[in-house]
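Trainee: Quick one, structure for this:
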Amino acid sequence: MNSYRNLKIEKLVYGGYGLARSQGDILFIKGVLSGETVHAKRVSKKGSIIFAEPVAIPGPSAQRISPVCKYYGTCGGCDWQHIDYPTQVSEKRAILAESFKRIGKIHLLPEIEVITGPQWAYRIRVQLKADIRNRKLGFYRQTSHAVVDVEQCPLLASPLNTLLEKRKDILSLLPGQVNQVKTICGRHEQPASFPLAGNYTREYTDILVGTYTFRVSGKSFFQANRYLHYQLGTWARPQITGHSCIDLFGGTGFFSCMLGDMFTGGIMIEHDKDQVILAKKNLSANDVKHFTAKTASVEEYLKSPPPFPPDRLCIVLDPPRTGLSRELRHSITRIKPLQMVYISCNPATLARDAGEITGKGNYTISRIALFDCFPQTHHIECGIILARKG
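Mentor: I've put the predicted structure just below:
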């Protein structure tokens with residue numbers, strides 16, 4: 001069957017899809033809301049899941065709104081501009097709770113805290129996709145690697161939109177083989193970027209978070225939402241109980257700096273040596289002299305016993321979307337730290353990891369939060385604190 005009529009959207013699921021059923025088929029449909037009635041056509045199938053797109057919505061939700069951006073529906077950067085903002089947040093909260101129940105097999109959770117900020121102009125870090133041959137700079141088209149030429153994005157902070165406004169000049173400055181420009185903006189007028197784009201960008205910039213300062217480059221990972229930096233960096237402080245810290249996937253030292261004064265000593269581990277160089281500068285600039293930054297694979301580092309007593313140790317985790325490797329999960333449960341602070345951009349892998357750690361490592365989730373760092377999209381930033389029982 002290639003077309004479906006009068007499908008009822010049961011709920012939204014991770015990935016931004018609406019879930020519907022028809023004659024035994026399970027469908028994931030983009031661009032819909034919970035409770036809507038839609039007609040849809042099949043696009044593809046993966047395993048037992050049929051992916052579809054709406055062709056008509058005879059029963060729209062009261063929470064459906066008109067998108068702000070003229071590229072919406074073509075550009076692949078946003079997928080929830082058709083949903084009013086309070087509903088976006090409540091749907092993400094439901095998806096987070098469902099992930100822990102279905103994937104992690106964790107049915108009892110603390111109340112999920114929800115931390116939000118402004119809906120627009122929040123992004124300070126973005127990868128601009130470049131099609132130099134066709135003179136386009138912007139973002140990928142939905143379900144494609146074709147570049148949509150974008151003159152302005154309502155999610156971006158002003159200095160990044162300035163780059164889009166000057167995109168024709170910038171394209172002429174880029175090497176011919178470049179297919180993306182990694183950019184991040186801070187207190188300087190020009191954003192930092194990799195590769196550089198003449199006088200329009202710089203190699204480094206400084207980001208201010210409360211009283212903290214972070215030097216970053218165009219290649220640096222840094223939390224994208226400028227309005228939630230401080231809340232994200234300090235959220236765990238009231239419950240920190242360890243005396244020592246190991247900060248894994250430490251990047252440029254964000255959590256080591258923001259939480260450093262809660263510990264008597266600490267080590268930050270990051271596999272990218274360029275980011276470790278910046279982390280050392282940031283630790284020094286923020287007077288976190290009792291922390292050291294080391295270049296190493298987190299898996300390799302934890303093969304040896306940590307230099308701190310486990311019953312006084314807090315491990316901070318901020319891994320990529322894939323979450324913790326099986327080897328790393330085993331190492332952590334073997335070490336048995338007093339406490340873990342785990343920040344994630346993927347509720348599915350967070351739930352998987354938390355399920356294994358609580359199931360095998362005698363831990364409980366003492367706190368959980370949803371940080372809405374990506375309004376107008378389905379993406380979810382979340383955090384948990386894992387405490388060793390007893």
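Trainee: Every contact and neighbour count from this point should use C-alpha atoms.
Mentor: OK.
Trainee: I'd like to know how many residues surround the closest residue to residue 174 other than its chain neighbours.
Mentor: Residue nearest to residue 174 in three dimensions, not counting chain neighbours: residue 197, with 6.3 Å by C-alpha to C-alpha, 6 or more residues apart in numbering. Neighbourhood size, residue 197 [other C-alpha atoms under 10 Å]: 20.
Trainee: For residue 197, give its distance to residue 238.
Mentor: To residue 238, residue 197 is 43 Å away according to C-alpha to C-alpha, to the nearest Å.
Trainee: what's around residue 114, how many residues?
Mentor: Using other C-alpha under 10 Å, residue 114 is surrounded by 15 other residues.
Trainee: Pretty sure it sits against residue 369.
Mentor: Yes. Shown here, residue 114 and residue 369 form a contact pair, counting by C-alpha atoms under 8 Å, at 5.8 Å.
Trainee: So for the two, which residues contact both of them?
Mentor: Jointly contacting residue 114 and residue 369 under the rule C-alpha atoms under 8 Å, 6 or more residues apart in numbering is no residue at all.
Trainee: Need the contact partners of the one helix or strand residue 215 maps to.
Mentor: Using DSSP states H and E, residue 215 falls within strand 212-217. Residues from elsewhere that reach strand 212-217 (C-alpha under 8 Å, 6+ apart): 184, 192-194, 203-208, 252, 254, 257-258, 278, 281-282, 285-286.
Trainee: Swap in 6 Å and give it another go.
Mentor: 192, 203, 204, 205, 206, 207, 282 (C-alpha atoms under 6 Å, 6 or more residues apart in numbering).
Trainee: So what's the gap between the top helix by length along the chain and the chain middle?
Mentor: Secondary structure of the chain per DSSP state H: the longest helix is helix 85-102. Helix 85-102 has its C-alpha centroid displaced from the chain centroid by 15 Å (C-alpha atoms, centre = their mean, to the nearest Å).
Trainee: Flag every buried residue along that helix.
Mentor: 85, 88-89, 91-93, 95-101 (16 or more other C-alpha atoms under 10 Å).
Trainee: Need those in a markdown table (columns: distance to residue 292 and pLDDT).
Mentor: Listed next are these as a markdown table, based on distance: C-alpha to C-alpha, whole Å; pLDDT from 0 to 100:
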| residue | distance to residue 292 | pLDDT |
| --- | --- | --- |
| 85 | 41 | 98 |
| 88 | 40 | 98 |
| 89 | 38 | 98 |
| 91 | 40 | 98 |
| 92 | 36 | 98 |
| 93 | 36 | 98 |
| 95 | 37 | 97 |
| 96 | 34 | 97 |
| 97 | 36 | 97 |
| 98 | 38 | 96 |
| 99 | 35 | 96 |
| 100 | 34 | 97 |
| 101 | 38 | 96 |
